[in-house]
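Participant: Need a 3D model of the following:
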Amino acid sequence: MTDRLDQLVEAATPLLARVDTVLSTAGAPEGHPVWPELRRVRLLPGDAVRAVCDLRPEAISAAVPHLRTEARTYAALADALPLTAAWSGEAADAYEQARRRTAQHLNGGPDSLSRRMEATADYADALTAWMTRARTDLALALTEALTSAEALTLTAGNSHPPGTHSPAAYPPDAHSPDAHSSGTHSPDQQARAAADVSALLLRTIADAYDQGEALLDDSAPLQNPLLV
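Facilitator: Presented below is the predicted three-dimensional model:
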(Lines give C-alpha, C1' and ligand atoms only; values in the text may rest on other atoms or scores of the structure.)
Protein backbone atom coordinates (compact mmCIF):
# COMPACT_ATOMS: atom_id res chain seq x y z
CA MET A 1 0.00 0.00 0.00
CA THR A 2 1.45 3.33 -1.09
CA ASP A 3 1.44 6.27 1.32
CA ARG A 4 2.76 9.81 1.35
CA LEU A 5 6.30 8.69 2.18
CA ASP A 6 6.44 6.35 -0.82
CA GLN A 7 5.35 9.22 -3.05
CA LEU A 8 7.84 11.68 -1.61
CA VAL A 9 10.94 9.52 -1.45
CA GLU A 10 11.14 9.19 -5.23
CA ALA A 11 11.04 12.96 -5.63
CA ALA A 12 13.57 13.32 -2.81
CA THR A 13 16.10 10.85 -4.24
CA PRO A 14 18.23 13.47 -6.08
CA LEU A 15 18.33 15.71 -3.00
CA LEU A 16 19.23 12.81 -0.70
CA ALA A 17 22.01 11.73 -3.05
CA ARG A 18 23.35 15.28 -3.14
CA VAL A 19 23.17 15.60 0.66
CA ASP A 20 25.03 12.31 1.13
CA THR A 21 27.71 13.32 -1.37
CA VAL A 22 28.32 16.73 0.18
CA LEU A 23 28.26 15.39 3.72
CA SER A 24 30.69 12.59 2.80
CA THR A 25 33.15 14.80 0.95
CA ALA A 26 32.94 18.13 2.78
CA GLY A 27 31.71 17.12 6.20
CA ALA A 28 29.72 19.58 8.28
CA PRO A 29 30.60 22.79 10.12
CA GLU A 30 32.17 22.31 13.51
CA GLY A 31 29.58 22.27 16.27
CA HIS A 32 26.68 21.84 13.85
CA PRO A 33 23.61 20.02 15.29
CA VAL A 34 24.00 17.31 12.67
CA TRP A 35 26.94 15.74 14.48
CA PRO A 36 25.00 14.33 17.46
CA GLU A 37 22.29 13.12 15.08
CA LEU A 38 24.88 11.27 13.01
CA ARG A 39 26.11 9.59 16.17
CA ARG A 40 22.55 8.60 17.10
CA VAL A 41 21.63 7.10 13.72
CA ARG A 42 25.09 6.02 12.42
CA LEU A 43 23.84 6.27 8.83
CA LEU A 44 23.94 8.89 6.13
CA PRO A 45 20.55 10.51 5.50
CA GLY A 46 19.88 8.57 2.30
CA ASP A 47 20.36 5.18 3.96
CA ALA A 48 18.46 6.27 7.05
CA VAL A 49 15.48 7.41 4.98
CA ARG A 50 15.46 4.15 3.03
CA ALA A 51 15.50 2.18 6.30
CA VAL A 52 12.29 3.89 7.40
CA CYS A 53 10.79 3.37 3.94
CA ASP A 54 11.36 -0.37 4.45
CA LEU A 55 9.05 -0.34 7.47
CA ARG A 56 5.77 -1.91 6.31
CA PRO A 57 3.09 -1.62 9.02
CA GLU A 58 0.48 -3.40 6.92
CA ALA A 59 2.55 -6.60 7.04
CA ILE A 60 2.40 -6.56 10.85
CA SER A 61 -1.25 -5.53 11.17
CA ALA A 62 -2.30 -8.37 8.88
CA ALA A 63 -1.24 -10.89 11.55
CA VAL A 64 -3.29 -9.33 14.37
CA PRO A 65 -6.70 -10.92 13.59
CA HIS A 66 -5.12 -14.38 13.44
CA LEU A 67 -3.37 -13.85 16.78
CA ARG A 68 -6.59 -12.77 18.48
CA THR A 69 -8.47 -15.72 16.97
CA GLU A 70 -5.83 -18.08 18.34
CA ALA A 71 -6.13 -16.47 21.78
CA ARG A 72 -9.90 -17.02 21.80
CA THR A 73 -9.40 -20.62 20.64
CA TYR A 74 -7.07 -21.40 23.53
CA ALA A 75 -9.45 -19.80 26.02
CA ALA A 76 -12.41 -21.77 24.64
CA LEU A 77 -10.41 -24.99 24.73
CA ALA A 78 -9.53 -24.41 28.40
CA ASP A 79 -13.22 -23.85 29.21
CA ALA A 80 -14.20 -26.99 27.29
CA LEU A 81 -12.05 -29.39 29.30
CA PRO A 82 -14.58 -31.76 30.99
CA LEU A 83 -14.91 -31.89 34.76
CA THR A 84 -14.87 -35.08 36.84
CA ALA A 85 -18.40 -34.73 38.18
CA ALA A 86 -19.47 -38.27 37.24
CA TRP A 87 -16.59 -40.20 38.76
CA SER A 88 -14.20 -40.20 41.73
CA GLY A 89 -11.17 -41.97 43.12
CA GLU A 90 -7.44 -41.76 42.47
CA ALA A 91 -7.87 -41.72 38.69
CA ALA A 92 -10.38 -38.89 38.96
CA ASP A 93 -8.05 -36.92 41.24
CA ALA A 94 -5.13 -37.41 38.85
CA TYR A 95 -7.28 -36.34 35.92
CA GLU A 96 -8.48 -33.24 37.77
CA GLN A 97 -4.92 -32.19 38.53
CA ALA A 98 -3.95 -32.68 34.90
CA ARG A 99 -7.06 -30.80 33.75
CA ARG A 100 -6.24 -27.82 35.93
CA ARG A 101 -2.62 -27.73 34.76
CA THR A 102 -3.76 -27.87 31.14
CA ALA A 103 -6.39 -25.18 31.69
CA GLN A 104 -3.80 -23.00 33.40
CA HIS A 105 -1.40 -23.51 30.50
CA LEU A 106 -4.08 -22.69 27.96
CA ASN A 107 -5.76 -19.74 29.66
CA GLY A 108 -4.51 -19.08 33.16
CA GLY A 109 -1.90 -16.52 34.12
CA PRO A 110 0.02 -14.04 31.98
CA ASP A 111 2.25 -16.82 30.64
CA SER A 112 -0.62 -18.95 29.36
CA LEU A 113 -1.01 -19.48 25.63
CA SER A 114 -4.11 -17.32 25.27
CA ARG A 115 -2.68 -14.43 27.30
CA ARG A 116 0.59 -14.49 25.38
CA MET A 117 -1.31 -14.51 22.09
CA GLU A 118 -3.33 -11.50 23.22
CA ALA A 119 -0.18 -9.74 24.41
CA THR A 120 1.52 -10.48 21.10
CA ALA A 121 -1.48 -9.07 19.23
CA ASP A 122 -1.36 -5.93 21.40
CA TYR A 123 2.35 -5.60 20.68
CA ALA A 124 1.70 -6.00 16.94
CA ASP A 125 -0.90 -3.24 17.12
CA ALA A 126 1.58 -0.98 18.94
CA LEU A 127 4.30 -1.83 16.44
CA THR A 128 1.98 -1.04 13.54
CA ALA A 129 1.11 2.32 15.09
CA TRP A 130 4.81 3.09 15.65
CA MET A 131 5.75 2.24 12.05
CA THR A 132 2.88 4.34 10.71
CA ARG A 133 3.86 7.28 12.92
CA ALA A 134 7.54 6.99 11.94
CA ARG A 135 6.65 7.02 8.24
CA THR A 136 4.27 9.97 8.67
CA ASP A 137 6.82 12.00 10.64
CA LEU A 138 9.50 11.33 8.03
CA ALA A 139 7.14 12.30 5.22
CA LEU A 140 6.56 15.66 6.95
CA ALA A 141 10.31 16.15 7.40
CA LEU A 142 10.97 15.28 3.75
CA THR A 143 8.33 17.76 2.65
CA GLU A 144 10.02 20.45 4.72
CA ALA A 145 13.43 19.52 3.32
CA LEU A 146 12.28 19.49 -0.31
CA THR A 147 10.73 22.95 -0.05
CA SER A 148 13.58 24.51 1.90
CA ALA A 149 16.13 27.11 0.84
CA GLU A 150 18.81 24.54 1.67
CA ALA A 151 17.43 22.20 -0.99
CA LEU A 152 17.72 25.00 -3.54
CA THR A 153 21.28 25.69 -2.46
CA LEU A 154 22.20 22.05 -2.98
CA THR A 155 20.45 21.45 -6.29
CA ALA A 156 20.46 24.75 -8.19
CA GLY A 157 23.42 24.84 -10.56
CA ASN A 158 25.53 22.45 -8.50
CA SER A 159 26.48 19.15 -10.09
CA HIS A 160 29.77 18.50 -8.27
CA PRO A 161 30.52 18.07 -4.58
CA PRO A 162 32.48 20.72 -2.71
CA GLY A 163 36.21 20.28 -3.01
CA THR A 164 36.15 18.98 -6.58
CA HIS A 165 37.73 20.91 -9.42
CA SER A 166 34.56 21.87 -11.20
CA PRO A 167 33.45 25.28 -12.49
CA ALA A 168 30.36 24.83 -10.33
CA ALA A 169 32.55 24.93 -7.25
CA TYR A 170 33.69 28.46 -7.98
CA PRO A 171 31.55 31.57 -8.19
CA PRO A 172 31.72 33.64 -11.39
CA ASP A 173 33.81 36.74 -11.53
CA ALA A 174 32.20 39.50 -9.54
CA HIS A 175 32.17 41.74 -12.63
CA SER A 176 30.54 39.14 -14.84
CA PRO A 177 26.93 39.79 -15.87
CA ASP A 178 26.17 36.26 -14.67
CA ALA A 179 27.68 36.85 -11.23
CA HIS A 180 24.30 37.12 -9.52
CA SER A 181 22.27 34.77 -11.68
CA SER A 182 24.37 31.64 -12.12
CA GLY A 183 22.75 29.80 -9.20
CA THR A 184 26.08 28.49 -7.93
CA HIS A 185 26.90 28.40 -4.23
CA SER A 186 30.17 28.27 -2.39
CA PRO A 187 31.44 25.00 -0.90
CA ASP A 188 30.82 26.33 2.60
CA GLN A 189 27.23 27.20 1.71
CA GLN A 190 26.68 23.74 0.26
CA ALA A 191 28.22 22.04 3.28
CA ARG A 192 26.04 23.99 5.69
CA ALA A 193 22.93 23.36 3.60
CA ALA A 194 23.64 19.62 3.50
CA ALA A 195 24.23 19.61 7.26
CA ASP A 196 20.95 21.47 7.90
CA VAL A 197 18.92 19.04 5.77
CA SER A 198 20.71 16.07 7.35
CA ALA A 199 20.04 17.31 10.87
CA LEU A 200 16.32 17.64 10.16
CA LEU A 201 15.97 14.18 8.64
CA LEU A 202 18.28 12.34 11.03
CA ARG A 203 16.69 13.92 14.11
CA THR A 204 13.26 12.82 12.93
CA ILE A 205 14.48 9.28 12.31
CA ALA A 206 16.48 9.06 15.54
CA ASP A 207 13.48 10.20 17.60
CA ALA A 208 11.31 7.58 15.92
CA TYR A 209 13.81 4.83 16.61
CA ASP A 210 14.11 5.89 20.24
CA GLN A 211 10.37 5.32 20.52
CA GLY A 212 10.75 1.97 18.77
CA GLU A 213 13.46 0.93 21.20
CA ALA A 214 11.21 1.77 24.13
CA LEU A 215 8.47 -0.32 22.55
CA LEU A 216 10.89 -3.22 22.18
CA ASP A 217 11.86 -2.93 25.85
CA ASP A 218 8.18 -3.11 26.82
CA SER A 219 7.85 -6.38 24.89
CA ALA A 220 10.66 -8.07 26.83
CA PRO A 221 8.32 -10.51 28.67
CA LEU A 222 7.20 -11.89 25.31
CA GLN A 223 10.79 -12.77 24.49
CA ASN A 224 11.01 -15.19 27.42
CA PRO A 225 10.60 -18.83 26.35
CA LEU A 226 7.23 -20.37 27.07
CA LEU A 227 7.47 -23.32 29.48
CA VAL A 228 5.39 -26.21 28.21
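Participant: Point me to the residue sitting closest to the centre of this structure.
Facilitator: residue 52 (4.5 Å; Cα atoms, centre = their mean).
Participant: Where does that residue fall, secondary structure wise?
Facilitator: Residue 52 is part of helix 45-53 when elements are defined by DSSP states H and E.
Participant: With residue 201 instead?
Facilitator: Mapping residue 201 onto the secondary structure by DSSP H and E places it in helix 187-218.
Participant: just residue 125 next, same as before
Facilitator: Element membership of residue 125, judged by DSSP H and E, is helix 113-146.
Participant: how far off helix 45-53 does that helix point, in degrees?
Facilitator: 140 degrees (axes from the mean of the first three to the mean of the last three Cα atoms, to 10 degrees).
Participant: where does the protein have low pLDDT?
Facilitator: Using pLDDT under 70 as the threshold, the predicted model of the chain has low-confidence ranges 157-183, 224-228.
Participant: What are the contacting residues of the helix holding residue 52?
Facilitator: Around helix 45-53, the neighbours that count as contacts under Cβ atoms under 8 Å, 6 or more residues apart in numbering are 5-6, 9, 12, 16-17, 19-20, 23, 41, 43, 134-135, 138, 142, 197-198, 201-202, 205, 208. (C-beta placed from N, C-alpha, C; glycine too.)
Participant: Could you give me the PyMOL selection string for whichever of those residues are buried?
Facilitator: If you want just the buried ones from the contacts of helix 45-53 in PyMOL, going by 16 or more other Cβ atoms under 10 Å, the selection is:
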select buried, resi 5+9+12+16+19+20+23+41+43+134+135+138+142+197+198+201+202+205+208
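Participant: Against residue 59, how distant is residue 126?
Facilitator: From residue 126 across to residue 59, the span is 15 Å (Cβ to Cβ, to the nearest Å).
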